[in-house]
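[1] 3D, please:
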Amino acid sequence: RAQARAGRSLDELMGFYRLAGQTMWRNVARLGVEQGVRPEDLYTLAETGFGCVDELSTQAAAGFAEEHSHRSGAAHSRRSEFARLLLRDPQPPPQVLREAALTAGVGLAPTVALFAGPGEMYEAFARAARDQTVLGPREGEFVGALFDPDALERRARLRRTAERAGTQLALGPAVPLADA
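    Take a look at the predicted model:
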């Protein structure tokens, strides 16, 4: 998890483990030959050493995936909280919305279109829609916000996300942010 937090990629991390395993084997083999260790014993030692490296790699990959999952869930929670603020009646002051959007990693736009989908498809859509602002299901549907809906490809990207999730959405008209 610490490596993921430090911004390293999983490929970089696994590359480190491969390099460490290869370096370990070269040093063990050199020392074994110098000390007259039987080849069969070196093979057994290599098998054990690479098994340890494999187990460390597996644990590291699991921690890496867990950290990314945690971050993704936290980001989704921040976007959901922002959507709740946006839909509150009356809306909070613009500065509060801007700060919440910044915290949630949402780029505010002058216009927004709200969309709704069937509540039973919320989980599938939320997994497919990593960059969408979506509220959990209520009264049989989920609701989301598409910022700057008239920008190039925004509606098409939302449609493709819904298709990946195997659902259909109802998309409302673009309205000024203050009227959402």
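[2] only C-alpha atoms from now on, for both contacts and neighbour counts.
    OK.
[3] partner strands of the helix or strand containing A116, parallel or antiparallel?
    Using DSSP states H and E, the secondary-structure element containing A116 is strand 111-118. Partner strands for strand 111-118, per DSSP bridges, with pairing direction: strand 141-147 (antiparallel), strand 170-171 (antiparallel), strand 175-176 (antiparallel).
[4] not counting the helix or strand following the first one itself, show me its contacts.
    Right, strand 141-147. Downstream of strand 141-147, the first helix or strand assigned by DSSP H and E is helix 154-165. By Cα atoms under 8 Å, 6 or more residues apart in numbering, the list of residues contacting helix 154-165 from outside reads M121, A124, F125, R127, A128, A129, L146, D148, P149, Q168, L169.
[5] hang on, isn't L87 packed against A180?
    Yes: with the criterion set as Cα atoms under 8 Å, L87 and A180 qualify as a contacting pair; they are 6.3 Å apart.
[6] what angle separates the longest helix that the chain contains from strand 111-118?
    Secondary structure of the chain per DSSP state H: the longest helix is helix 39-87. Between the axis of helix 39-87 and that of strand 111-118 there is an angle of 110 degrees, by axes from the mean of the first three to the mean of the last three Cα atoms, to 10 degrees.
[7] tell me the helices and strands packed up against helix 39-87.
    Using 3 or more Cα pairs under 8 Å, 6 or more residues apart in numbering; DSSP states H and E, the elements in contact with helix 39-87 are helix 2-5, helix 10-35, helix 94-104, strand 133-138.
[8] and for the third one, what's in contact with it?
    The contact list for helix 94-104 (Cα under 8 Å, 6+ apart) reads A75, R78, R79, F82, L85, L86, G107, L108.
[9] how far away is the fourth one from R157?
    Same thing as F82. In this structure, F82 and R157 are separated by 21 Å, where distance is defined by Cα to Cα, to the nearest Å.
[10] those two - which one has more neighbours?
    It is F82, of F82 and R157, that has more neighbours when counted by other Cα atoms under 10 Å, with 26 against 12.
[11] quick one, what contacts L135?
    Under the criterion of Cα under 8 Å, 6+ apart, the contact partners of L135 comprise S80, A83, R84, F142, V143, G144.
[12] no more questions from me, cheers.
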